[in-house]
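I need the structure of the sequence given here:
(2 chains)
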Amino acid sequence: MPAVPQVDTGLGLPARAGVGLKPEHFRDVLETRPDIGFFEVHAENYMVEGGPYHHFLGRIREHCPLSLHGVGLSIGAEGPLDEAHLDRLAALIKRYQPVSFSEHLAWSSHGEVFLNDLLPVPYDRATLDRVCEHVDRVQARLQRQMLLENPSTYLEFDASTMDEAAFLTEVIRRTGCGLLLDLNNVHVSCVNHGRDALAFIDNLPLDTVGEIHLAGFAIDRDAAGAPLLIDSHGSPVDEVVWGLYAAVLARTGPMPTLLERDTDVPSLATLIAESQRAEDLMSALAEPGRRRICGPRS
Amino acid sequence: MNQANFAAALLAPDLPCPAGLRVWNGSDPAARLAVYRNNVVSSLIDAMADTFPVTQELVGVEFFRAMASVFVRQHPPRSRVLAHYGGEFADFVDGFVPARAVPYLGDIARLERARVLAYHAADADPLTAEMLCVAMASGADLSALQLICHPSTSVLVSAYAIVSLWAAHQGDADLSAVDPTEPESALVVRPGLDVFVLSLPPGGARFVVALHAGAGLADAAGLAAGEATDFDLPNVLALLMRHGALISARTPLSLSQ
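Modelled structure (predicted):
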């Protein structure tokens, strides 16, 4: 068994379980003040002038660390980054001081049109250069390290000249960003492309992981009848994904871990109860009283 | 594959699968592209259903989603912030032939869109009686008093009973008692955490629009009275004050207020 490396989570999220903050839970969170590691919000939902979203996030932020997760920056786009969108992100970061900012290895806009999905990129040299340029620009504009999330994908490209793990490794090496390791995405993509998830994970730079995402998927079939998993965020975490999580924790030690749920959102108590399983797995790794709270990178 | 082709294929189900796509087991990539096509269109329809719940109730889920699927392909979002999406929907509904049996559908969509804009609009503290007293005690001409509306305020004039219809769908009124052809004007405002949808009395809409445009109290009231002889200024002012739709008052001599 490999030694557990001392992983610097990079951006200071506690090595505990967190949940996505949903508007339907705003009041419940303020009234019950649940003991969880952090809340994560989608940045674009808060790019509005005022109103209840800001009212509640400001208050919740006062007693719980915050992770800001972008879904609209379109880092994988062929075109340039949207500087106005970066400005909006910078303003949100200034206002709420999240301990982590993350985005996806994907594109979601083309020209002026926003497609509202995380779309795949070919893993070739030109895309690598462009993604690195974009991550460099994000980190320069936001004045902080960002985490880049591995995607769920349903298609691959003839143009790809490297695999996803090699591509991510090179982006991280060249830009100094961290990895947001989404284990549901790992499982979904590996099933969808006939790969071995543990082998994929072992080819990633696990010492750069700053956060883990867990979520549920839906099951479809492709044209050959093979399973096609859909990253739906609409159901509890699958047992296979919990297995991957335990395997990763054995390699990394306790990690900030987000339980994501974006459709069919259950009660706050149900979400937190599910996230407790991640806390239990982390506690089982650590000696009693030695749960590590990661501080900010110096 | 380039992203222009891919993006075009996502929004147009009749377009063939772009070249250069690969599937590990050699199966047809179109079946996998369909996942992305569905993600894009379904998530946008879901966003529309969130913004326009009463519009959806009026025509039923199946009809609404079919109508919205045409809309999202014709008018995909231009903003990465989905709270801003759907601005063209009410006009689209007005021109959507299969929806003509519900003539007020477009105005209900307008009202629901106004509610979402108000929900996310800038915050401001409502005008207090004390602030009003200060403005009026300055010795200035009261007829020139300028009342500034809350940034979330909007007014919607309709040939249909949009406020009553909307309220009935909140369980606040009996739908069968509503005459849809009774014209109503709506005031939408969010002074705190909750959005109010109120029916404005005759001339009220004209009055608020005039205030918005910077008219003084007398001019705004004059415009409203010219439109509705029974315009009741104290009643409308009380309604606006009570619902936090005014945030400041100033006269030409007290511009600092």
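
tell me which residues in stretch A:185-200 are buried?
A:Asn185, A:Val186, A:His187, A:Val188, A:Ser189, A:Cys190, A:Val191, A:Asn192, A:His193, A:Arg195, A:Ala197, A:Phe200 (16 or more other Cβ atoms under 10 Å in any protein chain shown). Bear in mind the C-beta positions are built from the backbone N, C-alpha and C, glycine included.

What pLDDT is listed against the fifth one?
I take that to be A:Ser189. The model reports A:Ser189 with a pLDDT of 98.

and it, which of the three is it?
Of the three states, A:Ser189 takes helix under DSSP: H, G, I helix; E, B strand; the rest coil.

Who are the contact partners of it?
Each residue near A:Ser189 by Cβ atoms under 8 Å, 6 or more residues apart in numbering or on different chains is listed here: A:Asn150, A:Pro151, A:Ser152, A:Thr153, A:Glu164, A:Arg195, A:Phe200.

Local confidence estimate at the fifth one?
On the pLDDT scale, A:Glu164 is placed at 98.

same question, the second one
A:Pro151 carries a pLDDT value of 98.

Next, it: secondary structure please.
At A:Pro151 the chain is in coil, as set by three-state DSSP.

count of residues packed around it?
A:Pro151 has 22 neighbouring residues, counting by other Cβ atoms under 10 Å in any protein chain shown.

now the third one
Counted with other Cβ under 10 Å, the neighbours of A:Ser152 add up to 25.

before we move on, what about the fifth one?
A:Glu164: 25 surrounding residues under other Cβ under 10 Å.

ok, now which ones touch it?
With Cβ under 8 Å, 6+ apart, A:Glu164 has these contacts: A:Tyr123, A:Asn150, A:Thr153, A:Ser189, A:Phe200.

Run through the residues that contact residue 188.
Because you didn't say which chain, this covers chain A. Here A:Val188 is in contact with A:Ser152, A:Thr153, A:Phe217, A:Leu229, A:Ile230, A:Asp231 (criterion: Cβ under 8 Å, 6+ apart).

Can you look at chain B instead?
Contacts of B:Val188 (Cβ under 8 Å, 6+ apart): B:111, B:114-115, B:118, B:152-156, B:195-198.

Kindly report the same for B:Gly26.
By Cβ under 8 Å, 6+ apart, the contact set of B:Gly26 is A:Ala224.

Which pLDDT value goes with it?
At B:Gly26, the model reports a pLDDT of 96.

how close does it get to A:Arg27?
52 Å (Cβ to Cβ, to the nearest Å).

And the closest residue to B:Ala161 other than its chain neighbours, its phi and psi?
Of all residues not flanking B:Ala161 in the chain, B:Glu182 sits nearest, at 4.4 Å (Cβ to Cβ, 6 or more residues apart in numbering or on different chains). Note on B:Glu182: its backbone torsions stand at phi -80, psi 120 [degrees, to the nearest 10].

and B:Glu182, how many neighbours does it have?
Neighbour count of B:Glu182, defined by other Cβ under 10 Å: 14.

pretty sure it contacts B:Ser164?
Yes - contact criterion Cβ atoms under 8 Å: B:Glu182 and B:Ser164 qualify, at 7.3 Å.

mind listing what the residue nearest to B:Ala161 touches?
B:Tyr160, B:Ala161, B:Ser164.

what's around A:Gly225, how many residues?
A total of 9 residues lie near A:Gly225 under the criterion other Cβ under 10 Å.
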